[in-house]
Every structure is written in structure tokens, then in C-alpha cells.
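Visitor: Return a 3D structure for these sequence lines:
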Amino acid sequence: SWESGVDGALPGVIMFSNPLPGVWYRQEFFEGVAEDVAQVLSLNETVTVPYGSFSNCLQIAEWSPLEKGVVEHKFYAPDVGLVKVIAIEGEKGYEELVDIEDN
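Guide: Next up is the predicted model:
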């Protein structure tokens with residue numbers, strides 16, 4: 001882990017409050033350690049997972065120059081958050097929301 005401003009590490013953006021398709025951004029940046037980036041692909045995807053079906057989902061692509069050829073697509077549902085992750089390149093597999101527990 002690192003702290004922004006220490007040894008050249010910069011803050012990143014996890015999610016825009018008003019995302020726009022096509023825009024890419026750094027999620028984190030500490031050269032040679034953490035260089036994750038993302039690009040907004042869509043604002044109106046429909047996603048079905050074991051927990052339910054969601055419309056108007058945000059779809060982003062995520063990758064890092066430090067892991068050449070590895071790309072994931074992530075889907076975020078309004079008022080829920082992350083509901084699905086799909087390995088697109090360089091890896092295999094997926095993650096889907098199955099339940100939400102209140103603690």
C-alpha cells in the first residue's frame with residue numbers, strides 16, 4: 001500500500017459521480033507498483049445475476065499496464081454497487097452477486 005504524495009504516488013479515482021462513456025481514468029498510480037486504469041463503456045447495460053436482474057448498469061473495463069493483456073469488465077447496478085465481473089482477456093472466470101447480508 002502507499003500514501004498519495006509519498007515517493008511520487010498519486011491519488012486515483014475509483015468511480016466518477018457522473019460517468020461518461022468513452023472516458024478513461026487512473027484508479028491508482030504508484031509507478032511500477034499500482035497503475036490500474038479504467039474506461040467507462042456503457043451506462044445502460046442490463047445484467048442478470050443470481051441475486052436479481054438490474055437495468056441501467058454502468059459497465060467499465062479495467063486493466064493495468066503492469067499486467068499486459070489482462071482486462072476485466074465490471075458492472076455496477078444503481079443503488080446496489082458491483083454485481084458482476086467478467087475476465088475478458090488474459091484470464092478466465094467471472095464473479096456474480098449472489099446475496100447481500102445485513103450485519
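
Visitor: so which strand or helix has G8?
Guide: Applying DSSP states H and E as the criterion places G8 outside every helix and strand.

Visitor: wait, what's in contact with it?
Guide: Contacts for G8 were tallied using CB atoms under 8 Å, 6 or more residues apart in numbering; they are 30-31. No exception for glycine: its C-beta is placed from N, CA and C like everyone else's.

Visitor: bridging residues for the most centrally placed residue in the chain?
Guide: Nearest to the geometric centre of the chain sits K74, at 4.9 Å (CA atoms, centre = their mean). Listed by DSSP bridges, the beta-bridge partners for K74 are I60, V85.

Visitor: The nearest residue in space to C57 that is not next to it in sequence sits in which helix or strand?
Guide: Residue nearest to C57 in three dimensions, not counting chain neighbours: E45, with 4.3 Å by CB to CB, 6 or more residues apart in numbering. E45 is part of strand 37-49 when elements are defined by DSSP H and E.

Visitor: repeat for G69
Guide: Under the assignment given by DSSP H and E, G69 is not contained in any helix or strand.

Visitor: mind checking how far the closest residue to it other than its chain neighbours is from G5?
Guide: Closest residue to G69 apart from its sequence neighbours, by CB to CB, 6+ apart: G90 at 4.1 Å. Here the criterion is CB to CB, to the nearest Å. By it, G90 lies 32 Å from G5.

Visitor: coming back round to it: surely the residue nearest to C57 touches I60?
Guide: No - the criterion here is CB atoms under 8 Å, and E45 misses it with I60 at 10.3 Å.

Visitor: Who has more neighbours out of the two?
Guide: Using other CB atoms under 10 Å, the more surrounded residue of E45 and I60 is I60, with 22 against 17.
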